[in-house]
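Visitor: Using only what follows, build the 3D model:
(chains A, B and C)
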Amino acid sequence: MQIHITSASDLPIYRQIMRQIVDAVAGDRLRPGDKLTSQRELAEQLVVSPLTVKKAYDELEREGLIQTQRGRGTFVAARATAVDPAAQRQRLREMVRRLLSRAHLGGLDFTSVLALAHEVHAELEAERAAEGGSDNDESGSTPRESESES
Amino acid sequence: MSVVDFHRIHHAYERGNQVLRDVSFTVERRQVLGLLGKNGAGKTTLLRLAMGLLKAQEGEVRLLGLDPRERPLEVKLRVGYVSEDQILPPALRVRQVLDFHRGVFPTWDEEVARRLGERFEIPSEAKIKTLSRGQVRQVALLCAIAHRPELLILDEPAGGLDPAARREFLETSIQLLNEAGSTILFSSHYMSDVERLADRIVMLHDGGVLVDSELDELRESYSLAMVPAGPETSPERLRALAGCTSVRRRGDSLHLVFELEPQAAESLLERELGIANSRCSALALEEMFIELVGGQAPESS
Amino acid sequence: MMNAARADSILYRAVSRSWSSWLPLLLLATGLNTSLLFGWITAAAARGQSSAVPPAHLGLLFWSGLALYLILGYERRRCDRLELTLPLPAHRLWLGHLAAVYSAGLAFLGVGLGGGWLMARVAVRLQPSLEASLTLRRLVPLLLASLLLAVALFERDDPPQHRIRGGFAGLLRRLLVVVAIGAVVWVLSGRPIAWSLLLAGLAAVSLVNTYRSLPGSFLLLPERPVRRPVRGRTGALAAPSAAGSAPRSAPGKLRWRLLVRILYDFPPWGPVTAWVELLAAIFIGALFGGLFELFLVPETEGMRFTQLPLVVYMLVVLFAPLTTQMSSLDPLPISRRVLFASVIVPSLLAMVAGYATVRLIVATRPATPLVEYRIEEPHAWVGVQEALMSATRTGPPILESPWGETHTAWHRPLFKGGELVLYSPYSTTEETSARFEALMLSRAIAAGYGLQMPWEEALERYFEVDGDKIVGLKHEGVTGHELFAGVEPRSRGPISVIALTMAIVPFFLLLALFLRTFRATVSDRRRRAFYWSFLAALLIVMIGGFTFQVAGWFNQRVGWAILESLAFRWGQSPTAMVLTWLLCCLGMVAAYWLAQRAFQRIELPATPTKFTLVDFAKE
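Guide: Modelled structure (predicted):
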């Protein structure tokens, strides 16, 4: 499990941890049933307070993404549901905002951006069809965009 | 029972130089509390009061339920303390310093001392004065931790250390938290360290507690808005807005800190002042510190 | 467990309170003690009449050595900051502290008494009749008890604090205690031991009292706000910024004032002490100027010259600590020449001021007679001051009268068995005839007072003669100015400025040498080692001077006397006088310039070397 946190971010550390685990699940780097690094170990790995890690895990568990089994550890839930739609929407909103301002700088007007979006969507669809079926469009696009952002 | 309890503390060094005014807060078991504030805000004074090195002029200090002035030995036996200005005797060897502490603390855990000593790679026969600053601090930390204190008080523990030494210091503290479940009360100017280590923040300003909040809550409940300066946006008017905690002028724009989430702040500005093009964002801890205590000239001086 | 902790604590205390920082103070105390005592003894011996040193004087002498420790070297911290944060009871820490300060006091006392004992042996060789009065053993209980009492009184200061008060108030308090106990020592010296026991009893009561009032743990700072007048540090520190903003208004003046303030008001080892050091410079200058002889033994003027190594020593001691300030001052746009001057000039001026003051007081007093004639069984003599004597490199000359009577002149060799001798051209012996004595006297009067008196007249005027022998004096004793009221002795010449030059020039030369250790390639340890050995060497020179004199290998008094006689001669001619002054001033300026050049070339170490008399900077 690769998690990188930075204190220069305007997100609190527990949010950074949550987000990266969500991204990993969404991006298939973590699959249902996989064991997560223990809270203690993760705290020492990331050099952050154990309570912060605990808070991130607790939140994720509340959202149903992970499950803790006493004495065995923490695992990705069998049916990892998407995170809170309102929050998701908010995050996308930020990205779209940045996308549009960059497009504006690059001389692209809104319609050409929309055209571009359609183009990319079509590519993704094609890829997914090749891989053999998909079940979640929305979260599928998230990790790629966040990768291109960073 | 709280591990640390400051109750209505007043303290002054000289007349007219009131350092602490009516400061109250508590630290709960297993909590890591970061004490923030500008230089001279009274952080060190507060930590010295906790150690019983000073006596509160007004108010009460309780550590582990005990008054550190009345029962100094019982308190000190259960507390570890590292401060920036603490001087280990320069002529002694590391081994002698450890022997000394071992003699003083009955709960000294040789295993912890040995492990930390190996980790820090401090030559035990070296004299303190030949060590680097980081190494001396590590020896001090080792001494403070190896007797497995219930409470660790750190006054600017990383002051003057390079980033690598600071990280090492943090790693050790986090290990301690994991293993011993200690409570930590620390002060620091390194916001990145605070962010990594602290669960809760107390920010001292102008002698009082300006902020006392969970760190994550704090991070999510404040936002910074930048609006262009103009007749519509006089600082007085902005300050009167609900939730606005500070207004600072930066060139031709004004920086406003709201105790609101960014969207809420944006919509507030639009609703109250008709500013549609304001830009609101969450704040990193360092920015928050500067916005909250940085630019304002203290009224008293 | 507790026992182990206690042992550790005391061991740790002994190691951490680094004794080495007391070393220079110990050296200084020894130097002062022995030189003062030696001054006393030689003076007493030279006078030849007082055969007993009053015990009160001796008591005060050794107390003064202890006073130096109590005022400057006393460890004010009852515990250090580390111990403050550890679970150690204040009572135990305080007992350890008591043991440390008392044993340090004992060390000082031991060294002082050791030096004193040595000097007493020397004195008894010179003057066996002193033996009875120089038994130091009887003083020991009194001094021990007084030390204990002083410690007890010091420790009464604000028991909850982790250290006893410093600053001006603290210094004043310590001074008062030391002076008061000094008075007690003066009164009780030579009294029965019961009195010492009484003092010790008082001290014990006070200590028990303090012990009982100790808190569970010490405080770092006073509980109540310190009521300090607003004037002071912050004001002075604000001054530089004010100077910066002022548009070039008399930058020179401001800079000097600021520099001196920074150097003397804010030394790293605490304010006030630097000014105390200036007082010390005045004192040492006065000592060199003859303070001691002024009040105690006016007849032995030349004794003051033996303080020369001590003067050089003190100047170095006063200079070195100020270099700790250099690392903060050097980066500022101040030329090294100005810096050097601001470090050197104040203490130098203080020393010269002390010296000049005493010389001026001496000048306004009735001058010591240059010539006198006394009859003291078994024989009589014409006595002249050293200034009237002469030196020759060909062994003692023969004095001859016009009528053919001869004898070998009174003389002293500079080196044992050497041909270079100082002799008195006016000496007489037991066999000398009355007219030869009158002749010698008349010649001496002519040399010392410029009065021409034929020997026949002198014989007639002063002596009662039986045949060819003088059997009595017509006056009680013959001294120049009693007999010629209104007649001034001739000028002693520029000896004062010569002596001053002889202290200042070597100081600057040694300083130039010392400053060469301020190189990046010289480690701090080596620099300090050089410094201490440097100071120790000066004291050895001084004590060695005394020892050689007693052993008769080298007589420094003769050396100085030769110089005095030369100065006297130069003093008779205005040209020679002006020339001497000029040369002396030139010499001092040249030496200053040399030291300054060495200073300009120094490379400051990253962390300043601590040369402080006591390690005040520890806190």
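Visitor: so where do the helices sit in the stretch 301-450 of chain C?
Guide: Ranges of helices within the stretch 301-450 of chain C are C:308-319, C:326-329, C:336-364, C:434-449, based on DSSP state H, counting those that start in this stretch.
Visitor: What residues does the stretch 51-200 of chain C have near chain B?
Guide: Proximity of the stretch 51-200 of chain C to chain B (Cβ under 8 Å from any Cβ of the partner chain) is limited to residues C:80-82, C:84-90. C-beta: built from backbone N, CA, C; applies to glycine.
Visitor: related to what we said a few turns ago, dump the helices of the stretch 301-450 of chain C into JSON lines; add mean pLDDT, distance to chain A and mean neighbour count as well.
Guide: Output for these, formatted as JSON lines (pLDDT from 0 to 100; distance: least, Cβ to the nearest Cβ, whole Å; neighbours: other Cβ atoms under 10 Å in any protein chain shown):
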{"stretch": "helix C:308-319", "mean pLDDT": "83", "distance to chain A": "51", "mean neighbour count": "23"}
{"stretch": "helix C:326-329", "mean pLDDT": "72", "distance to chain A": "35", "mean neighbour count": "16"}
{"stretch": "helix C:336-364", "mean pLDDT": "87", "distance to chain A": "45", "mean neighbour count": "19"}
{"stretch": "helix C:434-449", "mean pLDDT": "84", "distance to chain A": "91", "mean neighbour count": "22"}
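Visitor: And the host helix or strand of residue B:168, how far out from the chain middle?
Guide: Per DSSP states H and E, residue B:168 falls inside helix B:163-180. Centre-to-centre, helix B:163-180 and its host chain are 16 Å apart (Cα atoms, centre = their mean, to the nearest Å).
Visitor: List the buried residues for it?
Guide: Applying a neighbour-count criterion of 16 or more other Cβ atoms under 10 Å in any protein chain shown, one finds B:165-178, B:180 buried in helix B:163-180.
Visitor: now do stretch B:197-209
Guide: For stretch B:197-209, a neighbour-count test (16+ other Cβ under 10 Å) marks B:197-207, B:209 as buried.
Visitor: Check stretch C:112-131 too.
Guide: Neighbour counts over stretch C:112-131 (16+ other Cβ under 10 Å) mark C:112-113, C:115-116, C:118-120, C:122-124, C:127, C:130 as buried.
Visitor: of those, closest to chain B?
Guide: When those are compared for distance to chain B (Cβ to the nearest Cβ), residue C:112 wins out at 26.4 Å.
Visitor: So the residue nearest to that closest one when sequence neighbours are not counted: helix, strand or coil?
Guide: Distances taken as Cβ to Cβ, 6 or more residues apart in numbering or on different chains place residue C:65 nearest to residue C:112, at 3.8 Å, with adjacent residues excluded. When classified by DSSP: H, G, I helix; E, B strand; the rest coil, residue C:65 comes out as helix.
Visitor: quick one: secondary structure of residue C:487?
Guide: Classification of residue C:487 using three-state DSSP returns coil.
Visitor: Check the one 5 residues further on too.
Guide: The assignment at residue C:492 comes out as coil when based on three-state DSSP.
Visitor: mind checking the backbone torsions on it?
Guide: Per-residue torsions, residue C:492: phi -70, psi -10 (degrees, to the nearest 10).
Visitor: Could you verify that residue A:127 is part of a strand?
Guide: No - under three-state DSSP, residue A:127 falls outside any strand and is assigned helix.
Visitor: Near it, how many residues? Count them for me, please.
Guide: If you count neighbours by other Cβ atoms under 10 Å in any protein chain shown, residue A:127 ends up with 11.
Visitor: I'd like to know how far it sits from residue A:121.
Guide: 11 Å (Cβ to Cβ, to the nearest Å).
Visitor: can you check residue B:171 too?
Guide: Per Cβ to Cβ, residue B:171 is found 45 Å from residue A:121.
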